[in-house]
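Undergrad: Following is a predicted model, sequence given first.
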Amino acid sequence: MKPEDFYHDGSRELQHRFGTEELAAHLARAYVLDELEEAHAEWIRGADAVYVATLDPQGFPECSYKGGLPGFVRVPDLRTLEIPSYDGNGMYRTLGNAAAGRRVGLLFLFPARRAKLRVNGTCEVLADPAALAPHHGAEAVLRVGVTAVFENCPRYLHDPETGEHSAHCPRPGHRPPEPDWKKKPEYDGLLPVREPRS
């Protein structure tokens, strides 16, 4: 994806301040996709949760956890996701925002793999019988048209099996290791020079 299409002035100002302009531009061009890869689709089909971010009509953000059995998020094709909405508290904050703003940001975490996947897109809220039929127990479906897909560095993910916190988390008296991705030749000359911290 072209960096100018992916970043806005606020992002670019911070990239300039922290010296990551070239790195950010490289990441946008090389790793931000406009549709899912097959591997991403398989990850999502096995997911049992997704975090859904929306904006209300006044521009205030909302983030909601949606959970279900693995496979509850359907992937009809590489540009479409369907997230069922089950019986809840009746507030309809997420679906209401989605219906009003028609934009959504999704974050998938996969306990079985060290990966984070972000998906941005347009959306619509469906409640007709044909849309509900593939989603057992759903009262509505959030259908997402994928516009941007990108994996995030997983270094700060904690280990869900052991409860161990990530070794990359800063703490007094500890020097976090460099993440593996920063050691790849493609990042030579792109990483900002930072003073080491103890």
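TA: Yes, it's here. Numbers count the residues shown, from 1 in each chain.
Undergrad: so where do the strands sit in the protein?
TA: For the chain, strands defined by DSSP state E occupy the ranges 49-55, 61-67, 74-77, 80-85, 103-109, 116-126, 140-152.
Undergrad: now for those, which one comes closest to residue 190?
TA: strand 140-152 (16.5 Å; CB to CB). No exception for glycine: its C-beta is placed from N, CA and C like everyone else's.
Undergrad: residues touching residue 66, list them.
TA: Residues near residue 66 by CB atoms under 8 Å, 6 or more residues apart in numbering: 49-52, 83, 85, 94.
Undergrad: Of all the strands of the chain, which one is nearest residue 182?
TA: So among these, strand 140-152 is nearest, using CB to CB, at 14.0 Å.
Undergrad: which helices and strands sit right next to that closest one?
TA: Counting contacts by 3 or more CB pairs under 8 Å, 6 or more residues apart in numbering; DSSP states H and E, strand 140-152 is packed against helix 21-31, strand 80-85, helix 93-101, strand 103-109, strand 116-126, helix 129-132.
Undergrad: What's the local residue count around residue 142?
TA: 25 (other CB atoms under 10 Å).
Undergrad: beta partners of it?
TA: Beta-bridge partners for residue 142, by DSSP bridges, are residue 83, residue 125.
Undergrad: domain parsing for the chain?
TA: Per the record, the chain has its domains at 1-32, 38-152, by automatic domain parsing.
Undergrad: so what's the residue of the chain positioned farthest from its centre scoring on pLDDT?
TA: Relative to the C-alpha centroid of the chain, counting by CA atoms, centre = their mean, residue 173 is the outermost residue, at 31.7 Å. As predicted, residue 173 sits at a pLDDT of 94.
Undergrad: Tell me how far it lies from residue 102.
TA: Using CB to CB, to the nearest Å, one obtains 48 Å as the distance from residue 173 to residue 102.
Undergrad: which residues sit in contact with the residue positioned nearest the centre of the chain?
TA: For the chain, the residue nearest the mean C-alpha position is residue 118 (1.9 Å; CA atoms, centre = their mean). The neighbourhood of residue 118, defined by CB under 8 Å, 6+ apart, consists of 105-108, 148-152.
Undergrad: for it, which residues make a bridge with it?
TA: So, taking DSSP bridges as the rule, residue 118 has residue 107, residue 150 as bridge partners.
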